[in-house]
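Visitor: Predicted model, plus sequence, below.
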Amino acid sequence: MKIDLGGKTVLITGASGELGRVIGRTCAQCGADVALHYHRNKDSALKLASQIQTMGRRSEVFQADITQVSEIDAMRDAVVNTLGAPQIIVNNAVIQYAPWQSVLEQSLDDYESQFKSCVMHNVYMIKAFVPYMVKNKYGRVISINTECSMQMLPNQSAYVAAKRGMDGLLRVLAREVGPDGITVNQVAPGWTMSEKFKNNKPEGADTYASTVPMRRMGTDQDIANAVAFLASDFASFITGAFIPVCGGNVMPCI
């Protein structure tokens, strides 16, 4: 069996980032045309679009601040006019913040930024693109969550609170749009080795890996493979799922 996304268009937010680039290439390798969202890193997005075009797939870049509904709506119009309405959206973008501190010490601005980039980002993307899916009685909504949502470790409150809010939103959406042939799922990576770390392992990586049942860190390709599967017809009866891709480091219970 081979994952076939031929005839489909995928829109990926945060496509100029480490994980987004690999998701974009993987979807293109499966036959999809790919709309690449970026916020500031236009050069990286254009480079990826060029790579995808050499695979014989259509790919264009689109700029937007994913925390602003007007910019998401403008991106929607540009994507639809250029590549057509996407059948698959991958909500991958997130605002990075530092330092991670205790609840008592964490800045209020960090809670707000995480809520905007995790919860409202998904709300805006859903409202912009899911109506097309409803009309066509087909669609895939895939969002990137995190193993941290299950761990709830000290100093992660802003990130975890926003990702758990995102989880609730998406599970409700799965019930609402299931009758329209639309699946809504989440991929939850653990600490992932991306391209920038391949020759320079980050501090603490070996310690982390030693606690993972599979005794390694995940790779960006591991995450992209899960996204491609959920985007495909192989996953047509999977919806409302929170799927950790973290070597068993967290395990949802029944």
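Guide: Happy to help now that I have it. For clarity, every value in this text was computed on a predicted model and none was experimentally measured.
Visitor: Now do the helices for the stretch 151-254 of the chain: every range, in order, please.
Guide: 157-177, 205-211, 220-231 (DSSP state H, counting those that start in this stretch).
Visitor: could those helices go into CSV alongside distance to Gln151?
Guide: Using the backbone N, CA and C atoms, a C-beta is placed for each residue, glycine as well. Output for the helices of the stretch 151-254 of the chain, formatted as CSV (distance: least, Cβ to Cβ, whole Å):
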stretch, distance to Gln151
helix 157-177, 8
helix 205-211, 11
helix 220-231, 17
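Visitor: Which one, of the ones you listed, ends up nearest to Gly248?
Guide: helix 205-211 (10.3 Å; Cβ to Cβ).
Visitor: Put the alpha carbons of that closest one into CSV.
Guide: Coordinates of each C-alpha in helix 205-211 appear next as CSV, following Å, rounded to 0.1, in the frame of the first residue of the first chain:
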residue,chain,number,x,y,z
ALA,A,205,18.8,14.9,24.2
ASP,A,206,20.5,11.7,25.4
THR,A,207,18.9,11.9,28.8
TYR,A,208,15.5,12.4,27.3
ALA,A,209,15.9,9.5,24.9
SER,A,210,16.9,7.2,27.7
THR,A,211,13.5,7.7,29.2
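Visitor: Now that helix: buried residues?
Guide: Ala209 (16 or more other Cβ atoms under 10 Å).
Visitor: average model confidence for it?
Guide: The predicted model assigns helix 205-211 a mean pLDDT of 94.
Visitor: Can you give the contact residues for it?
Guide: Helix 205-211 is touched from outside by Trp191, Met193, Phe197, Arg215, Arg216, Met217, Asn249, with contacts defined as Cβ atoms under 8 Å, 6 or more residues apart in numbering.
Visitor: Buried subset of those residues, written for PyMOL?
Guide: Selecting only the buried entries of the contacts of helix 205-211 in PyMOL, with 16+ other Cβ under 10 Å as the criterion:
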select buried, resi 191+193+197+217+249
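Visitor: Switch the contacts of helix 205-211 over to JSON lines; also include distance to Asn92 and pLDDT.
Guide: Converted to JSON lines, the contacts of helix 205-211 look like this (distance: Cβ to Cβ, whole Å; pLDDT from 0 to 100):
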{"residue": "Trp191", "distance to Asn92": "16", "pLDDT": "95"}
{"residue": "Met193", "distance to Asn92": "17", "pLDDT": "88"}
{"residue": "Phe197", "distance to Asn92": "18", "pLDDT": "76"}
{"residue": "Arg215", "distance to Asn92": "27", "pLDDT": "97"}
{"residue": "Arg216", "distance to Asn92": "22", "pLDDT": "95"}
{"residue": "Met217", "distance to Asn92": "19", "pLDDT": "94"}
{"residue": "Asn249", "distance to Asn92": "20", "pLDDT": "97"}
